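> kindly generate the corresponding structure for this input.
(one chain, ligands or ions: 1)
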Amino acid sequence: MIGTVDSPALAGKLILGGWALNSSLSDIGFSILERDCYTCQHCGFESRPSKKVNHGFMVPVDTNSPVLVTREVHSGKCLCQLCASALAVNWSVVRQTSDEESAPGCLIWLPEFTQEKISIVASLILATSNNVPPSHHLYEAASHALTAFNGRTAHMAANVQLYKNDKDEEFVRALSLLPSEYFDYREQALKGVRFWPNPKFWAKSSHYWLKAVYENAAGFE
Ligand SMILES: [Zn+2]
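Take a look at the predicted model:
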């Protein structure tokens, strides 16, 4: 399931690692990541901290908070950046600069897969398509998978009322403004909507994931 937040700018900062630089959030955040062994509590992706990247691109999140920020260890959980982005689509499908392709991702219609399954598959596809040479045996598979997932954007308009062709930004703004009495409708309307990441936006994280997680995995070489 995807979600919206009360403050997209704040959620974006959190997801991109701003919490680790904030003294009032970092102690709590690192305690959560360590307790959850740098493993995403939604999709199961396991990252690894390093000296240089001590958060491993994982995020401490309070899923019950309207801004996702967690101020207590017990109410927070460790999520990967992709699962956290799915909870803040009014940040994660919105362009960050005037560049058309600067959004962290887009909305796709894919009711057959849960968001969790999509996130874990996406982390491998991004790590591969962004970083391995075309001669690598997984490169072509990742490129095809990217095309297939991106192709599901075209199914949004046909399946979601209120959604207009290729207008993720307008749609998520409308969603975030829906009063709470419409939440049942919202749940229903969003049943098959998923967040799909933009590989370019996550280039830095995916490079890290490749080195820290996937490169040593069986079957990768
Ligand atoms: Zn995840």
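> contacts, neighbours, all on C-alpha from now
Fine.
> run through the helices of the protein in chain order.
For the chain, helices defined by DSSP state H occupy the ranges 8-15, 23-35, 81-86, 89-92, 115-131, 139-151, 156-159, 168-177, 183-189, 203-209.
> can you count the residues close to the residue nearest to Glu221 when sequence neighbours are not counted?
Spatially, and ignoring its direct neighbours in sequence, Glu221 is nearest to Glu215 (7.2 Å; Cα to Cα, 6 or more residues apart in numbering). By other Cα atoms under 10 Å, 15 other residues sit near Glu215.
> how much space separates Glu215 from His207?
Counting by Cα to Cα, to the nearest Å, the gap from Glu215 to His207 is 10 Å.
> what sits up against the worst-scoring helix or strand of the chain on mean pLDDT?
One helix or strand of the chain scores below all others by mean pLDDT, DSSP states H and E: helix 183-189, with a mean of 80. Applying Cα atoms under 8 Å, 6 or more residues apart in numbering, the external contacts of helix 183-189 come out as 160-161, 175.
> could you do stretch 121-134 as well?
So stretch 121-134 is contacted by 82, 138-140, 142-143, 145-146, 196-197, 199-200, 202-203, 206-207, 209-210, 214 (Cα under 8 Å, 6+ apart).
> determine which residue lies closest to the centroid of the protein.
Leu82 (1.9 Å; Cα atoms, centre = their mean).
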